[in-house]
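1. Here is my input; please provide its structure:
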Amino acid sequence: MLLTSRETGRWVIPKGWLIRKLGPAGTAKREAYEEAGLKGRLVSRTPIGTYSYRKRGPGETLTHVTVTVFLMRLGSQLSDWPERGERKTKWFKPRDDASRVAEASLRALLRRVPRLVGKSAQ
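-> The predicted structure follows:
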């Protein structure tokens, strides 16, 4: 599942600022729901990796952001969610999703997902 960013419309994965009381894994689940309507369970509370990108902040300043990524086993995608009207979502075949994203480090991480899913299914 990829979704579009609100500012630029580029394909990304759900992500957001850390919510301390939820921790990194809990924040990941919350963001998947808020941004894409995804419900499910994390494969592990251990992240599968990180990627970095530059984000425009207030006043057009660029901020370096590092995103911690968790793998989620999908239960369902709801028909309505908080940011539904602000983003597009689309399902891609695993081998196709990486080519859709702009960030090289996210592409590399997405290319590893099929192997990771194979491991978690065993």
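
2. low pLDDT regions in this protein?
-> Within the chain, the stretches with pLDDT under 70 are 119-122.

3. May I ask you to name the longest helix in it?
-> helix 104-121 (DSSP state H).

4. What residues of it count as buried?
-> 106, 109-110, 113 (16 or more other C-beta atoms under 10 Å). Yep, even glycine has a C-beta here, placed from its N, CA and C like the rest.

5. How far off centre is that helix?
-> Here helix 104-121 is found 13 Å from its chain centre; the criterion is C-alpha atoms, centre = their mean, to the nearest Å.

6. Just flag the most distant two among the buried residues of helix 104-121.
-> The span of these, defined through C-beta to C-beta, is set by Leu106 and Val113 at 10.9 Å.

7. how close does the residue nearest to Leu109 when sequence neighbours are not counted sit to Ala108?
-> Once flanking residues are discounted, Leu109 sits nearest to Gly49: 4.9 Å by C-beta to C-beta, 6 or more residues apart in numbering. Using C-beta to C-beta, to the nearest Å, Gly49 is found at 9 Å from Ala108.

8. Ok, Gly118 next?
-> In terms of C-beta to C-beta, Gly118 sits 18 Å off from Ala108.

9. outside of the helix or strand encompassing Asp96, which residues touch it?
-> In the assignment (DSSP states H and E), Asp96 maps to helix 94-97. Residues from elsewhere that reach helix 94-97, judged by C-beta atoms under 8 Å, 6 or more residues apart in numbering: 2, 11, 110, 113-114, 117.

10. any idea which of those residues is the one closest to Glu60?
-> Trp11 (22.7 Å).

11. ok, what's across the strand from that closest one?
-> Thr4, Val101 (DSSP bridges).

12. ok, now which ones touch it?
-> Counted by C-beta under 8 Å, 6+ apart, Trp11 has contacts 2-4, 90, 97, 100-102.
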